[in-house]
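Chemist: No letters, just coordinates:
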């Protein structure tokens, strides 16, 4: 699938995993509404740093107020967290053939999501993500009523396409709608890798 502005591999002759660009990785996490590459680990890193000295949250707050780079960084994390939807992300975990591992991984991701959201709110002094950027917050909230059904349609299509009980030709009829759902979600998410 053509999902990026660059070739999927860094070296056309090398088709190994070592040559693959991150575009597909980021794209996949956006499709499933995790947006994980944009925020995962940030909450743990900031929390761990603040645990050593609780007064450090004031340092982070001052950095957010006074340093444009850090403010932009935190603002981008807020946008990615807002685009994420852990309820929908959980539905994608149900596609796994190993429910125990899927639940474990989902729990790790959701815990980090909550940790990241909480420390971002604490250091910014906001009550909700993007409260300082109401036009963006409103724009993103208006997308969800359109994106949520697309994700649910995609989940259904993935189940039908992967159903090994069905004949190959029966499963194949779901491929075109599945590819269209990928394009639709990418268009709705806007910046997907």
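Modeler: Here it is on my side, so go on. Please read all numbers here as calculations on a predicted model, not as lab measurements.

Chemist: what about residue 23, how many neighbours?
Modeler: For residue 23, the tally of surrounding residues (other Cβ atoms under 10 Å) stands at 16. (C-beta placed from N, C-alpha, C; glycine too.)

Chemist: Give me the pLDDT for it.
Modeler: Per-residue pLDDT puts residue 23 at 73.

Chemist: Next one: it relative to residue 89, how far apart?
Modeler: 20 Å (Cβ to Cβ, to the nearest Å).

Chemist: following the helix or strand harbouring residue 161, which helix or strand shows up next?
Modeler: Per DSSP states H and E, residue 161 falls inside helix 134-162. Next helix or strand after helix 134-162 toward the C-terminus (DSSP H and E): helix 168-172.

Chemist: just checking, what packs against that next one?
Modeler: helix 134-162 (3 or more Cβ pairs under 8 Å, 6 or more residues apart in numbering; DSSP states H and E).

Chemist: try it again with 6 Å
Modeler: Packing contacts for helix 168-172, counted by 3 or more Cβ pairs under 6 Å, 6 or more residues apart in numbering; DSSP states H and E, involve no helix or strand.

Chemist: what packs against the helix holding residue 161?
Modeler: Applying 3+ Cβ pairs under 6 Å, 6+ apart, we find helix 134-162 packed against helix 175-189.

Chemist: Kindly recompute the last result at 8 Å.
Modeler: So helix 134-162, by 3+ Cβ pairs under 8 Å, 6+ apart, packs with helix 68-83, helix 86-93, helix 168-172, helix 175-189.

Chemist: I'd like those helices as CSV, with mean neighbour count, mean pLDDT and distance to residue 53 appended.
Modeler: Output for the helices and strands packed on helix 134-162, formatted as CSV (neighbours: other Cβ atoms under 10 Å; pLDDT from 0 to 100; distance: least, Cβ to Cβ, whole Å):
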stretch, mean neighbour count, mean pLDDT, distance to residue 53
helix 68-83, 17, 97, 18
helix 86-93, 17, 97, 30
helix 168-172, 10, 94, 56
helix 175-189, 16, 93, 38
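
Chemist: For residue 18, which of those is the nearest?
Modeler: helix 175-189 (25.2 Å; Cβ to Cβ).

Chemist: between that closest one and helix 134-162, what angle do the directions make?
Modeler: Interaxial angle of helix 175-189 relative to helix 134-162 (axes from the mean of the first three to the mean of the last three Cα atoms, to 10 degrees): 170 degrees.
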